[in-house]
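Chemist: Model the following, please.
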Amino acid sequence: MNYGRILRDMFLGPLGGRSITLLEPTARPFADAATTATITCFDFGARPASIRLRRVADLDELGVLEGGGRLVRRERLESSNRWTPLTRLQRKAPEGLIELGELCRVHRGQVTGANKVWIAGLHSVDLPASVQFASITKARELFKANGVLADARPLRRVIDLPTELERLSRDDRRAVDAFLRKAKNLGADQGYIAQNRKAWWAVGLREPAPILASYMARRPPAFVRNLADARHINIAHGLYPREALSSTALNTLASYLSCHVALSAGRTYAGGLTKFEPKEMERLLVPDLPQLTQPALQDRP
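Modeler: Reported below is the predicted structural model:
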C-alpha cells in the first residue's frame, strides 16, 4: 500500500494543508529515537492556491512554523509523486552538463529472494560453472575496488539457472536437479520473489554493467568501472549506456561521478544514512558526450 500517496491526498484534500516543515535528517528531534520528522500545518477544509515548503537544519530554527521556505503551487504538488525534491531549489544545469539519465539507464541489481540459496557455497559445489556468475554481493566490494574492478576471482558467485532447464546437457541437468531438491528443502520455491518469477529457480541476473555503483551508505556512492564483467544483485546499481560509449568515455564518466557526487544529492535518513534510488541517480549532472571523450576531464576539480 502506498501510504505516502494516501497522506499526500489527505493533506491536499480534506485536511486543508497549508505548510510543511521538514527537519533535516541530521537533526535529532527526539533524544531517544533515530527518526526523521516533518511538521504540517493545516486549516481543515481549506484549499490554498500554494503550499509553503520549508527545510530547517536544527530545532532552534523552527520559529514561526508558517514563515520562510518557498511557496509551491497546489497543481505542482498534485502532479508530483514525491514532494521532498520540491523542498529544494531547482538547479539549472550549467552549460556542458546534462543529467546522467540522458546517457545511461540506472538499474538496481536483481533480487535473489534467498541469498543463502542463490549465492554459491558448500550447498552448490556440484553445479557447473556455466550457471554460476561472479557478482557484486556486498557494497564494500565496490568501495574496495578504488574505481576499477579488474579481477572477478575474489567475488562470490550467484547461481542463475536458465528458465528452460531442457537447454542443459544431461550431466549438467543431473547436477542442477540435485541442487534444486536441496533448494526446495530450504524453501527457495516458496518465497514471494520466487513465486513471482517466470520460473522460481531462475534469478534472472542482468548483463554486466560497464559501471557499477553503490547506492546506500553514510558516504557518497562508489562508481566503479566494471572491467571484470561482474554481475550485481540488489546491493548495487548498474549504469547501462543508452548508446555505445567508448572506453575513454566510460572511464571519464565513472571518474567524474566518483569526484563530484555529494551526499546531499541523495535521500538522507535519520542517522545520516543516504540512499540513491535509480531515478535520483539518473538526475545527477555529468559532462555531455563531447566532453566525456576528453580524458583530461577526469583530472579537473
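Chemist: What is the distance between stretch 231-250 and the centre of its chain?
Modeler: Centre-to-centre, stretch 231-250 and its host chain are 14 Å apart (Cα atoms, centre = their mean, to the nearest Å).
Chemist: where do the strands sit along the stretch 1-150 of the chain?
Modeler: Under the criterion DSSP state E, counting those that start in this stretch, the stretch 1-150 of the chain carries strands at the ranges 17-23, 38-42, 50-56, 70-73, 97-99, 104-108, 132-136, 148-149.
Chemist: out of the ones you listed, deepest packed?
Modeler: Most buried of the strands of the stretch 1-150 of the chain, by mean neighbour count (mean count of other Cβ atoms under 10 Å): strand 132-136, with a mean of 23. To be clear about C-beta, it is placed using only N, CA and C from the backbone, and glycine gets the same treatment.
Chemist: Count residues in the vicinity of residue 115, would you?
Modeler: By other Cβ atoms under 10 Å, 15 other residues sit near residue 115.
Chemist: contacting residues for it?
Modeler: Contacts for residue 115 (Cβ atoms under 8 Å, 6 or more residues apart in numbering) come out as 137, 233.
Chemist: that older thread, I'd like the strands of the stretch 1-150 of the chain laid out as a markdown table, including mean pLDDT.
Modeler: Listed next are these as a markdown table, based on pLDDT from 0 to 100:
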| stretch | mean pLDDT |
| --- | --- |
| strand 17-23 | 85 |
| strand 38-42 | 86 |
| strand 50-56 | 86 |
| strand 70-73 | 84 |
| strand 97-99 | 90 |
| strand 104-108 | 96 |
| strand 132-136 | 98 |
| strand 148-149 | 98 |
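Chemist: Throw those into JSON lines and include distance to residue 262, thanks.
Modeler: Shown next, in JSON lines, are those (distance: least, Cβ to Cβ, whole Å):
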{"stretch": "strand 17-23", "distance to residue 262": "18"}
{"stretch": "strand 38-42", "distance to residue 262": "23"}
{"stretch": "strand 50-56", "distance to residue 262": "16"}
{"stretch": "strand 70-73", "distance to residue 262": "21"}
{"stretch": "strand 97-99", "distance to residue 262": "14"}
{"stretch": "strand 104-108", "distance to residue 262": "17"}
{"stretch": "strand 132-136", "distance to residue 262": "23"}
{"stretch": "strand 148-149", "distance to residue 262": "22"}
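Chemist: and of those strands, who's closest to residue 169?
Modeler: strand 132-136 (15.4 Å; Cβ to Cβ).
Chemist: Helix or strand: which one has the closest residue in space to residue 136 that isn't next to it in sequence?
Modeler: Leaving aside its sequence neighbours, residue 136 sits nearest to residue 232 (Cβ to Cβ, 6 or more residues apart in numbering; 4.3 Å). Using DSSP states H and E, residue 232 sits in strand 231-232.
Chemist: partner strands of the least confident helix or strand in the chain by mean pLDDT, parallel or antiparallel?
Modeler: Every helix and strand in the chain was compared by mean pLDDT, DSSP states H and E; the lowest is strand 267-268, with a mean of 75. According to DSSP bridges, strand 267-268 forms sheet pairs with strand 274-275 (antiparallel).
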